[in-house]
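In: Sequence below, structure please.
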Amino acid sequence: MSDKTMTADEVVARLHSGMTLGIGGWGSRRKPMALVRALLRSDITDLTVVSYGGPDVGMLAAAGRIRKLVAAFVTLDSVPLEPHYRSARERGAFELTEVDEGMFMWGLRAAANRLPFLPVRAGIGSDVMRVNPGLRTVTSPYEDGETFVAMPALRLDAALVHVNRADRLGNGQYLGPDPYFDDLFCEAADAAYLSCERIVDTAELTKEAPPQSLLVKRLSVTGVVEAPGGAHFTSCAPDYGRDEDVQRLYASTPWAEFSERFLAGDEQAYESAVRNWQEEQG
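Out: This is a model prediction of the structure:
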């Protein structure tokens, strides 16, 4: 039992170029954006990123940090296709492995259980097999003899996730409507870093929410970062919704211009830049 609290920059100091990095959340929902922004302030590059993609992927792709992407989609939800991801992909800036959402989840589950693969029906009869020629199938050894996709484990060197509450030991709690598989990201990784809106005492975690809301277990967490607003501009229900104004600005602004204005400094500088822009809009 130990205090695992650290800063976002201390998390990034433990990462390195060339690693396989899993990023939790879903589209533009509860993404660990404070940790992603800290990563963008570093010189880490050549990443294999594994994500149900949103602006985390868009920003890292636009900044040229991704060598390979493994994803089921990359979306901003209210903006169907993440524009900075699309631009980088159209330039051929990185290798892409695109699989079905269920296959992706099964790959995380295989990694979490330290299995080389898990059989899944998703993908059979689709172009997923054509565009991913490295995928293999397996046949059931039982009487049914059914053929399945053998979805390989998505093993991660490190994972970044964001939740509503956490304690200093690494127990993470979500209070919104969906866990988004963040527990699997942590369990599939050699090291997992959890940012949260607020760090509380362990006993407080179940005072106003059921034990089932304790999504992430301390055994799978390496470090905890208190980051109020750490998912901005994505949502972190019920603490706050998606900042659609800032998201639209991000989606419609050239990357160099957006990053210079909002991402050139630390997290306080980001928050200040957002406030200044909001004041300009009246």
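In: need the helices for this protein, in chain order.
Out: 8-13, 33-40, 55-62, 83-90, 101-112, 128-131, 182-187, 244-252, 255-262, 267-280 (DSSP state H).
In: Quick one: residues in contact with the fifth one.
Out: Right, helix 101-112. 22, 50, 52, 70-73, 99, 116-118, 120, 122-123, 128, 149, 151-156, 181, 184-185, 187-188 (Cβ atoms under 8 Å, 6 or more residues apart in numbering). C-beta: built from backbone N, CA, C; applies to glycine.
In: Equivalent analysis for the fourth one, please.
Out: The set of residues external to helix 83-90 that reach it, using Cβ under 8 Å, 6+ apart, is 53, 55, 57-59, 61-62, 64, 66, 74, 94, 96, 250-252, 255.
In: mind checking how far that helix is from the chain centre?
Out: Taking Cα atoms, centre = their mean, to the nearest Å, one finds helix 83-90 lying 18 Å from the centre of the chain it belongs to.
In: Now, of the contacts of helix 101-112, which are buried?
Out: Listed as buried from these are 22, 50, 52, 70-73, 99, 117-118, 120, 122-123, 128, 149, 151-156, 181, 184-185, 187-188; burial here means 16 or more other Cβ atoms under 10 Å.
In: Looking at those residues, which are in strands?
Out: Among the buried ones among the contacts of helix 101-112, the ones falling in strands (DSSP state E) are 22, 50, 52, 70-73, 117-118, 120, 149, 151-152, 156.
In: between the residues you listed, which is nearest Arg198?
Out: For these, the residue nearest Arg198 by Cβ to Cβ is Gly22; the value is 23.5 Å.
In: What distance do you get for that closest one to Phe262?
Out: As for Gly22, its distance to Phe262 is 24 Å (criterion: Cβ to Cβ, to the nearest Å).
In: quick one on the thing from earlier: to Asp46, which of the helices of the chain lies closest?
Out: helix 55-62 (11.2 Å).
In: can you state the direction angle for that closest one and helix 255-262?
Out: Following axes from the mean of the first three to the mean of the last three Cα atoms, to 10 degrees, one obtains 120 degrees for the angle between helix 55-62 and helix 255-262.
In: Next, the buried residues of stretch 168-184.
Out: Result for stretch 168-184 [16+ other Cβ under 10 Å]: buried residues 168-176, 179-184.
In: Sorry, wrong one. I was asking about stretch 95-109.
Out: Of the residues in stretch 95-109, those buried (16+ other Cβ under 10 Å) are 96-100, 103-109.
In: beta partners for Ser235?
Out: Ser235 has these beta-bridge partners by DSSP bridges: Arg29.
In: pretty sure it is touching Trp26, no?
Out: No - the pair Ser235 / Trp26 is not scored as a contact, 9.8 Å apart, by Cβ atoms under 8 Å.
In: what's the neighbour count on the nearest residue to Thr206 once chain neighbours are set aside?
Out: Leaving aside its chain neighbours, Thr206 sits nearest to Leu214 (7.4 Å; criterion: Cβ to Cβ, 6 or more residues apart in numbering). Using other Cβ atoms under 10 Å, Leu214 has 21 neighbouring residues.
In: Leu214 and Thr5, how far apart?
Out: Noted for Leu214: a distance of 18 Å to Thr5, by Cβ to Cβ.
In: what does Ser42 give?
Out: For Ser42 relative to Thr5 (Cβ to Cβ), the value is 20 Å.
In: thinking again about what came up before, separation between the residue nearest to Thr206 and Thr7?
Out: 24 Å.
In: Now do the nearest residue to Ser2 once chain neighbours are set aside against Lys217, distance only.
Out: Counting by Cβ to Cβ, 6+ apart, Leu169 is the residue found nearest to Ser2 once chain neighbours are left out, at 7.3 Å. Per Cβ to Cβ, Leu169 is found 10 Å from Lys217.
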